[in-house]
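**Student:** coords please:
(one chain, ligands or ions: 1)
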Amino acid sequence: MHKSLTDSATEQTNIRTNLLLFKTHLPSLPPTYWFFQSLTEPQFDKLLKDLEQEQHKDEKQKIRCKVCGHPITSTQYKIEVNEQHHHFFSNPIGMLYEMGCFSAANGCINKGTPTLEHTWFTAYAWRFAFCSNCFMHLGWFYQSEHNHFYGLILENLDEVV
Ligand SMILES: [Zn+2]
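**Tutor:** Next up, the predicted model:
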């Protein structure tokens, strides 16, 4: 029996879902073939192609620490805060920073007690954000009651954003 278009679309969606699940759990899975065994050859080819494309896309989108190359964030996490992605600020001792705003930066670790002192974003308390690999100061983590984001110093990242 021929599959309808709808079946085929559903099948592709299922493959995609499985692929994402597979990617997510890959580091914790033993190298078994349970997943591949359930696929037909065309499905398997498509899976590999999807995986390659996704990896290529992920790689292109990564924004890395300029010092050590550790992946910090991704272009997909760029956001606007107060209607701008880029912000220019000077700190109390007159150092000028060009910052980009990101909704997430998984390559950062946040340190220090959140404080509103000298904050550049009203109602947002800040903490320092460092590269979790080499501990270079990369910017600040901002948090308000309902929101949070990273303000990262662009010259410390490998991509001009
Ligand atoms: Zn680093």
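**Student:** need the residues of the protein near the ion, please.
**Tutor:** 65, 67-68, 70, 131, 133-134, 136 (C-beta under 5 Å from the ion). Where you see a C-beta, it was placed from the backbone N, CA and C, and this is true even at glycine.
**Student:** are any of the residues you listed buried, and which?
**Tutor:** Buried subset of the residues of the chain next to the ion (neighbour count, 16 or more other C-beta atoms under 10 Å): 65, 70, 131, 133.
**Student:** quick one: contacts for the second one?
**Tutor:** For His70, the set of contacting residues under the criterion of C-beta atoms under 8 Å, 6 or more residues apart in numbering consists of 64, 107, 131-134.
**Student:** can you tell me which of these are in strands?
**Tutor:** Among these, the ones falling in strands (DSSP state E) are 64, 131.
**Student:** Mind picking the two most distant members of the contacts of His70?
**Tutor:** Arg64 and Ser132 (12.2 Å; C-beta to C-beta).
**Student:** shared neighbours, those two?
**Tutor:** The contact lists of Arg64 and Ser132 share 70, 107, where a contact means C-beta under 8 Å, 6+ apart.
**Student:** shouldn't Gly139 be in contact with Trp126?
**Tutor:** No. Gly139 lies out of contact with Trp126 (C-beta atoms under 8 Å); the separation is 9.3 Å.
**Student:** So what sits opposite Phe149 in the bridge?
**Tutor:** Beta-bridge partners for Phe149, by DSSP bridges, are Tyr142.
**Student:** For it, the count of nearby residues, please.
**Tutor:** Neighbourhood size, Phe149 [other C-beta atoms under 10 Å]: 21.
**Student:** And for Asn14?
**Tutor:** 11.
**Student:** Regarding it, what is its secondary structure?
**Tutor:** Secondary structure assignment for Asn14 (DSSP: H, G, I helix; E, B strand; the rest coil): helix.
**Student:** Strands along the chain, start to end?
**Tutor:** 62-64, 71-74, 86-90, 96-102, 108-115, 125-131, 137-143, 148-153.
**Student:** So which of the ones you listed has the densest surroundings on average?
**Tutor:** strand 71-74 (a mean of 24; mean count of other C-beta atoms under 10 Å).
**Student:** who does that one touch, helix- and strand-wise?
**Tutor:** In terms of contacts (3 or more C-beta pairs under 8 Å, 6 or more residues apart in numbering; DSSP states H and E), strand 71-74 is packed against strand 62-64, strand 148-153.
**Student:** Give me the contacts around stretch 90-108.
**Tutor:** Contacts for stretch 90-108 (C-beta under 8 Å, 6+ apart): 64-65, 70-73, 77-81, 84-89, 118, 129-133, 138-139, 141, 149-155, 157, 161.
**Student:** Before I go, just wanted to say thanks for your time.
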